[in-house]
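*Asks:* Predicted model and sequence below, questions to follow.
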Amino acid sequence: MKKIFYTLALVAGLSATNVAKAQTTDQDKQPVAATTQTDYATGQNAAMWKHNIAGAAGIQVTYRHYNLDQINQALNANGIPSLGNSDIFLNLTMDHIHGAWIFEDGLGLTPLTTSRNNNFKASFGQAQAYFRAGYNVTKGQPVSFFPFAGLNFSGAMLHLKDEARENTVNNFTTGLLASTSSKTYYQGNFGIELGAGLDYNIKMKSKVTDCVTIDRSIPIGIRAGYYINAARGDWKFSDHTLDGSPTKNQSAVFVSFSVGLGYSIHKQ
């Protein structure tokens, strides 16, 4: 009987010891899991702020000559005076800075140039979108100098307004098929830009929050280079390609002046 009692007591003792060990092990695991989650979150934040977020938003005024000789010859042959120059682009730009690399993209328009005779008005304008990638060869501030290469997509538009015939149209239904010489021609172009940029950054007071510091500046700069008109589309009217349209290559030197608001965001 005593042997049975001792055996049961030994089994009970061993069971209690195993339960205690299991509880201790579970308690030890919980802080480890919490620490792992904290470390993971910290790692994500560290990865997010591994590099500063830097760039600039600005305005650029670009000069690039557009040769209108062939277009003006066609207008003159129809009794319409020559158009003025269409050489100035007004652009909105964004710069994205990653270390020494500077990426710049922009959208721009030229103001319309017009001419008219007694009955006709001609209007001409251009639009462009471009992307440039450059490398800053200067190491410090406040000056940045970066050679760049870029892609340029542009379009030209020529609109003719037959004012005499348009003024005789006074009814919506009958005017749908009214005879008029008003029409719009358009042409697409693709170009490659090779050049260099120079920015001088005027430092402003930094803005400090609980988490980040925003260093602000006013970049004033210049871009200069050569635009290669690598591909020219046909002049079209209502998706119809026109024979005998202008074929002049529009490759030219360009110069841009820019001003903007720069920023560099980094973790405190």
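*Replies:* Received the coordinates, thanks. Residues are numbered from 1 along each chain as shown.
*Asks:* From now on I want contacts and neighbour counts done on CA atoms only, so please keep to that.
*Replies:* Will do.
*Asks:* Strands along the stretch 101-250 of the chain, start to end?
*Replies:* Taking DSSP state E, counting those that start in this stretch to define them, one finds strands in the stretch 101-250 of the chain at 101-109, 113-116, 120-135, 143-162, 183-203, 207-208, 212-232, 236-237, 240-241.
*Asks:* Turn those into TSV, including mean pLDDT.
*Replies:* Shown next, in TSV, are the strands of the stretch 101-250 of the chain (pLDDT from 0 to 100):
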stretch	mean pLDDT
strand 101-109	97
strand 113-116	95
strand 120-135	97
strand 143-162	96
strand 183-203	96
strand 207-208	87
strand 212-232	95
strand 236-237	89
strand 240-241	84
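*Asks:* So for Gln250, which of those sits nearest?
*Replies:* Across the strands of the stretch 101-250 of the chain, Gln250 has its closest neighbour in strand 212-232 (5.7 Å, CA to CA).
*Asks:* Please tabulate the strands of the stretch 101-250 of the chain in a markdown table and include distance to Thr62 and mean neighbour count as additional columns.
*Replies:* Listed next are the strands of the stretch 101-250 of the chain as a markdown table, based on distance: least, CA to CA, whole Å; neighbours: other CA atoms under 10 Å:
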| stretch | distance to Thr62 | mean neighbour count |
| --- | --- | --- |
| strand 101-109 | 9 | 19 |
| strand 113-116 | 16 | 17 |
| strand 120-135 | 11 | 20 |
| strand 143-162 | 13 | 18 |
| strand 183-203 | 13 | 18 |
| strand 207-208 | 32 | 12 |
| strand 212-232 | 9 | 18 |
| strand 236-237 | 26 | 16 |
| strand 240-241 | 30 | 12 |
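*Asks:* can you redo the ones you listed as a markdown table with distance to Gln268?
*Replies:* Converted to a markdown table, those look like this (distance: least, CA to CA, whole Å):
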| stretch | distance to Gln268 |
| --- | --- |
| strand 101-109 | 24 |
| strand 113-116 | 51 |
| strand 120-135 | 27 |
| strand 143-162 | 25 |
| strand 183-203 | 19 |
| strand 207-208 | 9 |
| strand 212-232 | 5 |
| strand 236-237 | 56 |
| strand 240-241 | 59 |
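*Asks:* Just tell me which of these ends up closest to Ser258.
*Replies:* strand 212-232 (5.1 Å).
*Asks:* can you give me how far the closest one is from the chain middle?
*Replies:* 11 Å (CA atoms, centre = their mean, to the nearest Å).
*Asks:* helices or strands up against it?
*Replies:* Applying 3 or more CA pairs under 8 Å, 6 or more residues apart in numbering; DSSP states H and E, one finds that strand 212-232 contacts strand 183-203, strand 207-208, strand 252-267.
*Asks:* mind checking which of those strands is nearest Val61?
*Replies:* Across those, Val61 has its closest neighbour in strand 252-267 (5.4 Å, CA to CA).
*Asks:* Let's see the closest one as PDB, backbone CA atoms only.
*Replies:* Taking Å, rounded to 0.1, in the frame of the first residue of the first chain, the C-alpha atoms of strand 252-267 are listed here in PDB:
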ATOM      1  CA  ALA A 252      17.300  74.000 -81.800                       C
ATOM      2  CA  VAL A 253      19.200  75.400 -78.800                       C
ATOM      3  CA  PHE A 254      17.100  76.000 -75.700                       C
ATOM      4  CA  VAL A 255      17.600  78.100 -72.600                       C
ATOM      5  CA  SER A 256      15.400  78.100 -69.400                       C
ATOM      6  CA  PHE A 257      15.300  80.300 -66.400                       C
ATOM      7  CA  SER A 258      13.600  78.800 -63.200                       C
ATOM      8  CA  VAL A 259      12.500  79.700 -59.800                       C
ATOM      9  CA  GLY A 260      10.800  77.500 -57.200                       C
ATOM     10  CA  LEU A 261      10.300  76.300 -53.700                       C
ATOM     11  CA  GLY A 262      12.700  73.600 -52.500                       C
ATOM     12  CA  TYR A 263      12.200  71.200 -49.600                       C
ATOM     13  CA  SER A 264      14.100  68.400 -47.800                       C
ATOM     14  CA  ILE A 265      12.200  66.400 -45.200                       C
ATOM     15  CA  HIS A 266      14.100  64.300 -42.700                       C
ATOM     16  CA  LYS A 267      13.400  62.600 -39.400                       C
END
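*Asks:* Many thanks, we can stop here.
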